[in-house]
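J.: what follows is a predicted structure for the sequence shown.
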Amino acid sequence: MQVYLSLALPREALSIPVTRRMLATSMRIVGVDEECVGDIKVALSEACTNVLDHAQDGDNYEVVCYLDDDECVIEVIDRGGGFESASMGVDHAEIDSEAGRGIQLMRRLVDRVRFENRPLGGTVVHLEKDLQWRVDAPLR
């Protein structure tokens, strides 16, 4: 089983719940465990919120999601100026810190997080979560 979603989104607040709901609905239909769905929704929301907070005005962004029998892989791709979390002091921010809290939430909710700065501008946030399935999953 494979599910692939690719969304081109305007850099506006409404894009976050739309993206979150589309992915969550897809995961529920194929039988992903509800706790796993919830973790992915929050991590995705944090990554998309960072685009709204840090990418350049007017830029669109993309969310690409891939699900298979084992994992969910998400890429949130913006066209902003990019960033280096370590140089900003948020690489290992405390969970109650105002800066970097979203990065820490992503790291706690998914199994692998990676940030890639693109040479011509922008950042790709890679989120990977090992999937847990409901007992009655229709496509498992």
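T.: Thanks, I have the structure now. None of these values were measured; they are calculated from a predicted model.
J.: point out where the chain drops to low pLDDT.
T.: Where the chain drops to pLDDT under 70, the residues are 56-58, 80-100, 140.
J.: so how far is Pro138 from the residue most central in space within it?
T.: By CA atoms, centre = their mean, the chain has its centre lying nearest to Leu44, at 3.0 Å. Leu44 sits 23 Å away from Pro138, going by CB to CB, to the nearest Å. Just so you know, the C-beta spots here come from the backbone N, C-alpha and C atoms, and that holds for glycine as well.
J.: can you give me phi and psi for the residue nearest to the centre of the chain?
T.: Per-residue torsions, Leu44: phi -60, psi -40 (degrees, to the nearest 10).
J.: does it touch Met27 like I think?
T.: No - the criterion here is CB atoms under 8 Å, and Leu44 misses it with Met27 at 10.8 Å.
J.: thinking again about what came up before, return the residues in contact with the residue nearest to the centre of the chain.
T.: 19-20, 23, 63, 74, 76, 127 (CB atoms under 8 Å, 6 or more residues apart in numbering).
J.: now do Glu75
T.: Going by CB under 8 Å, 6+ apart, Glu75 touches 62-65, 124-127.
J.: just Leu67 next, same as before
T.: Here Leu67 is in contact with 1-4, 26-27, 30, 32, 73, 131 (criterion: CB under 8 Å, 6+ apart).
J.: try 7 Å this time
T.: 2-3, 27, 30 (CB atoms under 7 Å, 6 or more residues apart in numbering).
J.: the residue in the chain sticking out farthest from the centre and Leu14, how far apart?
T.: Distance to the chain centre peaks in the chain at Asp136, reaching 26.1 Å (criterion: CA atoms, centre = their mean). Using CB to CB, one gets 33 Å for the distance from Asp136 to Leu14.
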